[in-house]
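*Asks:* the following comprises the amino acid sequence and a computationally predicted model.
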Amino acid sequence: MIPTIGLEVHTQLATRTKIFCACAVEFGAPPNSRACPVCLGLPGVLPVLNREVFRLGLRAVLALKGTPSAVIRFDRKNYFYPDLPKAYQISQYAAPLGQGGFIEIASGEKIKKIRLNRLHLEEDAGKLIHDQSPDTSHVDLNRAGTPLAEIVSEPDLESAEEAVIYLTGLKAILKAIGVSDCDMEKGHLRCDANVSVRKTASDPLGKKVEIKNLNSFRAVKLAIQYEIRRQSEALEKGEPLFQETRLWDEARQKTFTMRSKEEAHDYRYFPEPDLVPFSVSAEEIEKERKALPELPAEKKERFVREYRLSAYDAGLLTQDLKIAELFEEAARIARDNKTVANWITGPVFSYLNEKGKAIEDLKLTPALLSAAANLVKEGKVSLQVAKEKIFPEMAETGRAPEAILKEKGLAQVSDDPSLEEWVVQVLKEHPKVVDDFKSGKETAAMFLVGQVMRKSRGKANPGRVQELIRRKLKADRTS
């Protein structure tokens, strides 16, 4: 079976006010406290385009290698839903802000170009709240009118894994250029996935199923994988598939039918009469193009070239601008690019994933990271202890690693008498492993090293421990 996947990504633009009025964009404000007659869709109000929304949208078009449209126009997308006060959404259909573009992703050992269809601007709808009472839903219009950029890919993706790599690259670009913070927990980045399956490449494309409102990379991956399996099994059994919209059920780990898929004519698009068409000058386009910062792909190439990092490590370090900045400054201070890179891709990423935090949430500075890396490099503390006992406190409090080391008595033990005491105890406790080593099983020594590290609570110098164990066991073997 051959899957065909296209993604529609909605990202909230980083403006202080909404797209067509002066209401503040503020996450977590009391319901309906950031709404005005324009947000409420009251009769007689007129929308006025926020110029910063246009500028950020244009910046995204250029960063994604797209082409601004010669004429840009807003349209009304008509549908009824309780959180849409006007019963239409101001969006762009016939003349979007930008067209074309691409994102390059690593697919296996190849670089694959994922084409973009368009980027258009639109206003967000409100939000329905269902958990305030058992028999009533409430409407919060704080989000109504929040500026969105919708980025639509061509159906060039062929797996759930490629979809996640594409989204990771897109998110990195949008954050790097300051267009959006892409905070998925706050709904600043949402994704709809269009998925179809066919038996062979010569077959026509299968029935397209749209999976709505996927709000995490994990949900995107699991929902696409499930939908590919569901459609493949239906084709194998000869069961019909229908073009429809489905929702992802996280609890049951499956998609379910929401409604039959609408076509464009179902929305009865027509030009927004209160906003005139406009164009953007070549001078303004060039000005915005020159103002673009170094993009993640360019930064990755530079990290490989300047810092002698692997393409894999450079890719990890450049997915987030703050991470990249932390690496560069820490590497400059420590004068050891590889060690700093290993610290970030190891202990730092591990801690962020475990705690569900972003790098901005920590009090980790380049100087602190460099100091922690140097403690390990100089043999003053083991990597295990630095990672488990020093780094968490350093990252949360901003305290110097040397101070934490002294206060908690975590200094690495390297003197032979202390190490030999632990080694002798471990050898006595594990005679079978000792026999395995003596019979030629060299890897048995590493188990014994681990036991010494456990007995010393991570304070023993692992390199010196291994030397002592091997020397002692080899001496016993030849005696």
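*Replies:* Arrived safely.
*Asks:* for the rest of this, base every contact and every neighbour count on C-alpha atoms.
*Replies:* Noted.
*Asks:* the spatially most central residue of the chain: helix or strand, and which one exactly?
*Replies:* Ranked by distance to the mean C-alpha position of the chain (C-alpha atoms, centre = their mean), the top residue is T168 at 5.0 Å. Here T168 sits within helix 160-176, counting by DSSP states H and E.
*Asks:* determine the set of other helices and strands touching that helix.
*Replies:* The helices and strands touching helix 160-176, judged by 3 or more C-alpha pairs under 8 Å, 6 or more residues apart in numbering; DSSP states H and E, are strand 102-107, helix 217-237, helix 296-307, helix 321-334.
*Asks:* flag every buried residue along the helix or strand following the shortest one.
*Replies:* Toward the C-terminus, strand 102-107 is succeeded by strand 110-123 as the next helix or strand (DSSP H and E). The neighbour-count check on strand 110-123 (16 or more other C-alpha atoms under 10 Å) flags 112-123 as buried.
*Asks:* ditto for stretch 435-449
*Replies:* 437-438, 444-445, 448-449.
*Asks:* turn those into TSV, including pLDDT.
*Replies:* Shown next, in TSV, are the buried residues of stretch 435-449 (pLDDT from 0 to 100):
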residue	pLDDT
F437	72
K438	71
A444	73
A445	73
L448	77
V449	73
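*Asks:* which one among the residues you listed gets closest to Q225?
*Replies:* A444 (41.2 Å; C-alpha to C-alpha).
*Asks:* quick check: closest non-adjacent residue to that closest one.
*Replies:* F437 (5.4 Å; C-alpha to C-alpha, 6 or more residues apart in numbering).
*Asks:* for the helix or strand hosting that neighbour, which helices and strands make contact with it?
*Replies:* Taking DSSP H and E as the definition, F437 sits inside helix 431-438. When contacts are defined as 3+ C-alpha pairs under 8 Å, 6+ apart, helix 431-438 packs onto helix 444-455, helix 462-478.
*Asks:* next, the angle helix 431-438 makes with the last one.
*Replies:* The directions of helix 462-478 and helix 431-438 differ by 80 degrees, with axes from the mean of the first three to the mean of the last three C-alpha atoms, to 10 degrees as the criterion.
*Asks:* packing partners of helix 462-478?
*Replies:* helix 416-429, helix 431-438, helix 444-455.
*Asks:* any idea which of those helices is most buried?
*Replies:* For those, average neighbour numbers computed from mean count of other C-alpha atoms under 10 Å are highest in helix 444-455, which has a mean of 19.
*Asks:* what's it in contact with?
*Replies:* Residues from elsewhere that reach helix 444-455, judged by C-alpha atoms under 8 Å, 6 or more residues apart in numbering: 422-423, 426-427, 433-434, 436-437, 459-460, 462, 465-466, 469-470.
*Asks:* coming back round to it: figure out how far the helix holding T168 is from the centre of its chain.
*Replies:* 7 Å (C-alpha atoms, centre = their mean, to the nearest Å).
*Asks:* report the angle between the axes of it and helix 321-334?
*Replies:* Using the same axes, to 10 degrees: helix 160-176 against helix 321-334 is 70 degrees.
*Asks:* list the buried ones in helix 160-176?
*Replies:* 160-167, 169-176.
*Asks:* try stretch 220-229
*Replies:* Buried residues in stretch 220-229, counted by 16+ other C-alpha under 10 Å: 220-228.
*Asks:* what distance separates stretch 123-139 from the centre of its chain?
*Replies:* On C-alpha atoms, centre = their mean, the centre of stretch 123-139 falls 28 Å from that of its chain.
*Asks:* for it, output the C-alpha coordinates as CSV.
*Replies:* Output of stretch 123-139 as CSV, limited to C-alpha atoms (Å, rounded to 0.1, in the frame of the first residue of the first chain):
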residue,chain,number,x,y,z
GLU,A,123,-9.0,34.8,11.7
ASP,A,124,-9.5,32.1,14.3
ALA,A,125,-12.9,31.1,15.7
GLY,A,126,-13.9,31.2,19.3
LYS,A,127,-13.9,28.3,21.8
LEU,A,128,-16.6,26.1,23.1
ILE,A,129,-16.4,25.1,26.8
HIS,A,130,-18.1,21.9,27.7
ASP,A,131,-17.0,21.3,31.3
GLN,A,132,-18.6,24.2,33.2
SER,A,133,-22.0,22.5,33.6
PRO,A,134,-23.4,19.0,32.8
ASP,A,135,-26.1,20.1,30.3
THR,A,136,-24.8,23.4,28.9
SER,A,137,-21.9,24.5,26.6
HIS,A,138,-20.4,27.9,26.9
VAL,A,139,-18.9,30.1,24.3
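*Asks:* any chance of the helices and strands packed on helix 160-176 in CSV with mean pLDDT and distance to E284 as columns?
*Replies:* Below are the helices and strands packed on helix 160-176 laid out as CSV (pLDDT from 0 to 100; distance: least, C-alpha to C-alpha, whole Å):
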stretch, mean pLDDT, distance to E284
strand 102-107, 89, 22
helix 217-237, 93, 35
helix 296-307, 94, 23
helix 321-334, 94, 26
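*Asks:* start and end of stretch 350-366, how far apart?
*Replies:* Using C-alpha to C-alpha, to the nearest Å, one end of stretch 350-366 lies 17 Å from the other.
*Asks:* again, but for stretch 200-209
*Replies:* 18 Å.
*Asks:* stretch 171-191 now?
*Replies:* 12 Å.
*Asks:* and that stretch, average pLDDT?
*Replies:* For stretch 171-191, mean pLDDT rounds to 91.
*Asks:* please apply the same query to stretch 18-29.
*Replies:* 94.
*Asks:* what residues does it touch?
*Replies:* Contacts of stretch 18-29 (C-alpha under 8 Å, 6+ apart): 15-17, 34-36, 38-39, 47-50, 53, 122-123, 142-143, 145-147, 186.
*Asks:* narrow the residues you listed to those in strands?
*Replies:* Applying DSSP state E to these, the entries found in strands are 122-123, 147.
*Asks:* V220 is in contact with A160, isn't it?
*Replies:* Yes. At 7.4 Å, V220 counts as touching A160 under the criterion of C-alpha atoms under 8 Å.
*Asks:* circling back: for L84, state which of the buried residues of stretch 435-449 is nearest.
*Replies:* V449 (64.3 Å).
*Asks:* ok, T11 - how many residues close by?
*Replies:* 25 (other C-alpha atoms under 10 Å).
*Asks:* from E402, how far out is K380?
*Replies:* Following C-alpha to C-alpha, the distance that separates K380 from E402 is 9 Å.
*Asks:* what do you get for I129?
*Replies:* 50 Å.
*Asks:* which of the two has more neighbours?
*Replies:* Per other C-alpha under 10 Å, whichever of I129 and E402 has more neighbours is E402, with 18 against 14.
*Asks:* ok, the more buried one - contacts?
*Replies:* 371-372, 375.
*Asks:* would you say it is within a helix?
*Replies:* Yes. Under DSSP: H, G, I helix; E, B strand; the rest coil, E402 sits within a helix.
*Asks:* start the count at 15, not 1, going forward
*Replies:* Sounds good: first residue 15 from here, last item E416.
*Asks:* do you know the pLDDT at it?
*Replies:* On the pLDDT scale, E416 is placed at 85.
*Asks:* that one and L340, how far apart?
*Replies:* Counting by C-alpha to C-alpha, the gap from E416 to L340 is 20 Å.
*Asks:* how far off centre is stretch 415-425?
*Replies:* So, by C-alpha atoms, centre = their mean, the centroid of stretch 415-425 is 34 Å from its chain's centroid.
*Asks:* run a quick neighbour tally on the closest residue to L56 other than its chain neighbours.
*Replies:* The shortest distance from L56 to any non-neighbouring residue, by C-alpha to C-alpha, 6+ apart, is to K100 (7.8 Å). By the measure other C-alpha under 10 Å, the count of residues near K100 is 19.
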